[in-house]
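Asker: Structure of the sequence below:
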Amino acid sequence: MKKIIFISVLGLLGCNRNTQIHPPVGGVLSQKDLDVSRERMKNLNGLERQQIQDWINTQQVKYYSTQLNYWVNAEGYDKRERRQDNTLISYSYELYDFDQTKIYDQSIERRDARFGHFEELKAVENALRFIRNGEEVTLLVPSSLAYGTYGDEKKIDNDIPLIIKLKAL
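Answerer: Numbers count the residues shown, from 1 in each chain. Got it, this is the predicted structure:
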């Protein structure tokens, strides 16, 4: 019995000594933690941008970089007239990984969404501001503008860049 108690105490002490404390989601982080996180995202974004650019170089379709840090297959896209807040738009999109495997069987579709009042991926919301009615575009999106470090908690893992086929209905 003494051996079991001794081993249990050693195990608890061993676990306690190397445990790193993480604040809960929404908790307060120190400046050092924020700096580490910022540097990680900067490095990840640079790596993903290079990987996306390498992928673009193998494609026959031309993609253009936008001001928000994603690519679109329409030249001068983000220089078009911008849709204003409170205007309505109906749209659908499909998500793919960079192996061009469709992630969800069903398209994601929204009817009469009002700008400034709906939550969407940053790149999708930005692209919808410039899309023409009936137009279909393909977006190449780094993970920071997609589902980020948490994923969608379903089929999309963390830190995954996406191909988004977006259409204004």
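Asker: just the strands in the protein please.
Answerer: Here the chain has its strands, by DSSP state E, at 64-65, 71-72, 88-96, 108-114, 136-141, 162-168.
Asker: Who does the fifth one pair with, and is each partner parallel or antiparallel?
Answerer: Spelled out, that is strand 136-141. Applying DSSP bridges, strand 136-141 is found paired with strand 71-72 (antiparallel), strand 162-168 (antiparallel).
Asker: who's in contact with that strand?
Answerer: Strand 136-141 is contacted from outside by 52, 55-56, 61, 63, 70-74, 77, 121, 123-124, 127, 131, 161-168, using Cβ atoms under 8 Å, 6 or more residues apart in numbering. Glycine gets a C-beta too; all of them are placed from N, C-alpha and C.
Asker: Now with 7 Å, please.
Answerer: 52, 63, 70-74, 123, 127, 131, 161-167 (Cβ atoms under 7 Å, 6 or more residues apart in numbering).
Asker: Please enumerate the helices of the chain.
Answerer: Using DSSP state H, the helices of the chain run over 2-17, 31-57, 122-128.
Asker: Those: lowest mean pLDDT?
Answerer: Lowest mean pLDDT within the helices of the chain: helix 2-17, at a mean of 52.
Asker: what pLDDT does the residue nearest the centre of the chain get?
Answerer: Geometric centre of the chain, nearest residue: A146, 1.6 Å, by Cα atoms, centre = their mean. Note on A146: pLDDT of 90.
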